[in-house]
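Asker: sequence and predicted model, in that order:
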Amino acid sequence: IIRKEGDIVFKIRNLTVLGQKRPLGIDVSPEFSYQTTENQLSRRIELFENNSLVWDSGVVFDDETANIKYTGKALKSKTFYSWRVTATGEDGTDTKDSELLTGIWEWDGKWITDSLTPYFTGSNEFAHHAASYFTKEFELASEVKRAVLYISGLGYFDARINGVPVTDTFLNPRFTAYDKRVMYCTFLVESLKKGVNKIDITLGNGFYNSGVIDVWEFHNAPWKDNPKLILQLEVFLSDGTKQTIVSDETFLCYDGPIVYNELRSGEKVDFRITPSHFRTVEIARPPGGKMFSQYHNGITVEESIPLTPYKESGAVSLFDVGKNIAGWAFCEIDAEKNTEIKIEYSEQPFTFTGKNTENIACYVKSCDFQTDTVISNGGKSVFRPTFCYHGFRYIRVTKSKNCVCTVTAQSVHTRVEEIGSFFCS
């Protein structure tokens, strides 16, 4: 190896905090990690707030690069910090920077719920199956420099600002025993603008408000209640000021196209329904659990598999993904108004009639199992379930002959980075 004088061979890479690159919303003491290309002789980690030094580990002579604990003063809520690692090896010294954002300790927002949804009364027959929709318009006085959304919506939420999803992850927040622990998410928002903006939140039942009788007794869970949300949007403007939008009585709720959603039975979407019956929200009782940040990787679509039918008969098409996955069917639909498309999922091959899901459907004692339904408003539309997932290899689609339905199987799981591989005979 020929090296020129002054070449730096020793390099720092892959900076993480608590295992995450540039984490958002951490609510525990940081632990810093990084990798080096060669053996490390010494290290130094510094933490800054607005370029002011907050903590300095000092120069430490060891080869430790993983889970180095922060030992400074307690960090502030909702604060961006930058951190720098300087390390030395036999072939030189290198420095790398990264950043983190702390979580929210105290909320200005309130828990809100749909004012027309009755509270759970204890009856197993009760279920509010439709999704809950919330909206608010607000105005920003100048251009946006940076914006952060802190949000929790139970059971699951879908959040959009000016029509743009705030994340490419799904089924947020993570399932917990909600009367003991509630997760919230933190997102950087890039779709805001000077002038009038709109935030829209849709809530699904998830594990929080299960109306399906199953062997796990989630329909009798001690935390069961109506879907509810809390949020706080902090907007830092170019003129140096900050505006904060919070969930409160100024939000409106309304009726929307997801008329049924249950985690294990599926979703029904009626595209003929446009936002209607706008009404005020109600302040909700909190779910009871302590709030914790969900700063780790979320659930994303990790593989999309275009499908063609392996069998067709009249209005029924059968699809084989080729392997068992957790996820859903992403459907591109072109149909006449009022056309109904039924999408069923199974781990075993379908016939043109019959269920063939007995091996897993036996755990659910009410409602259809792993079935999505779409009602077209006419023309082209796109469907994938928002608040459920399915375990399947086979898909059966039932529709009218004049309806075109292109199916792509999407496998979803927690986003994980591949860090190695091996081959064997």
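Answerer: Good, I have the coordinates.

Asker: now the residue lying closest to Pro286 once chain neighbours are set aside: how far from Phe251?
Answerer: Spatial nearest neighbour of Pro286, chain neighbours left out: Trp111 (5.2 Å); criterion: CB to CB, 6 or more residues apart in numbering. For glycine as for every other residue, the C-beta is placed from the backbone atoms N, C-alpha and C. For Trp111, the distance to Phe251 (CB to CB, to the nearest Å) stands at 11 Å.

Asker: run through the strands of the stretch 251-400 of the chain in chain order.
Answerer: 252-255, 258-262, 266-270, 276-283, 290-293, 299-306, 311-313, 316-335, 340-346, 371-375, 379-383, 390-398 (DSSP state E, counting those that start in this stretch).

Asker: ok, and what's touching the third one?
Answerer: Residues from elsewhere that reach strand 266-270 (CB atoms under 8 Å, 6 or more residues apart in numbering): 257-261, 368-375, 383, 385-388, 390.

Asker: where are the low-confidence patches of the chain?
Answerer: Along the chain, segments meeting pLDDT under 70 span 1-8, 117-128, 357, 361.

Asker: all helices of it, in order?
Answerer: Using DSSP state H, the helices of the chain run over 358-361.

Asker: redo the strands of the stretch 251-400 of the chain as TSV? Include distance to Ala66.
Answerer: As requested, those are exported to TSV (distance: least, CB to CB, whole Å):
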stretch	distance to Ala66
strand 252-255	47
strand 258-262	41
strand 266-270	42
strand 276-283	45
strand 290-293	22
strand 299-306	26
strand 311-313	52
strand 316-335	31
strand 340-346	41
strand 371-375	43
strand 379-383	43
strand 390-398	35
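
Asker: out of these, nearest to Gly240?
Answerer: Taking CB to CB, strand 290-293 is the member of those nearest to Gly240, at 27.4 Å.

Asker: related to what we said a few turns ago, among the strands of the stretch 251-400 of the chain, which is nearest Tyr178?
Answerer: Nearest of these (CB to CB): strand 290-293, 10.5 Å.

Asker: now the closest one: how far from the chain's centre is it?
Answerer: Averaging C-alpha positions (CA atoms, centre = their mean, to the nearest Å) puts strand 290-293 16 Å from its chain's average.

Asker: what's the end-to-end length of stretch 391-411?
Answerer: From its first residue to its last, stretch 391-411 covers 10 Å (CA to CA, to the nearest Å).

Asker: any idea how far Ser57 lies from Arg43?
Answerer: 8 Å.

Asker: the closest residue in space to Trp328 that isn't next to it in sequence: how many residues sit nearby?
Answerer: Distance criterion CB to CB, 6+ apart; nearest residue to Trp328, sequence neighbours excluded, is Pro385 at 5.0 Å. Residues lying near Pro385 (other CB atoms under 10 Å) number 24.

Asker: just Leu263 next, same as before
Answerer: Using other CB under 10 Å, Leu263 is surrounded by 27 other residues.

Asker: residue contacts, Trp55?
Answerer: Trp55 is in contact with 45-47, 70-73, counting by CB under 8 Å, 6+ apart.

Asker: which single one of the residues you listed is nearest to Leu15?
Answerer: Closest approach to Leu15 among these (CB to CB): Ile45, at 10.1 Å.

Asker: check the gap between the residue nearest to that closest one when sequence neighbours are not counted and Arg44 for me.
Answerer: Of all residues not flanking Ile45 in the chain, Ser57 sits nearest, at 4.5 Å (CB to CB, 6+ apart). The gap separating Ser57 from Arg44 is 6 Å, by CB to CB.

Asker: and if you look at Val54?
Answerer: Taking CB to CB, one finds Val54 at 14 Å from Arg44.

Asker: same check, this time on Val166
Answerer: Taking CB to CB, one finds Val166 at 36 Å from Arg44.

Asker: those two: which has the busier surroundings?
Answerer: Between Val166 and Arg44, Val166 has the larger neighbour count (other CB under 10 Å), namely 23 against 16.

Asker: I'd guessed the more buried one sits against Phe187; true?
Answerer: Yes - the criterion here is CB atoms under 8 Å, and Val166 meets it with Phe187 at 4.5 Å.
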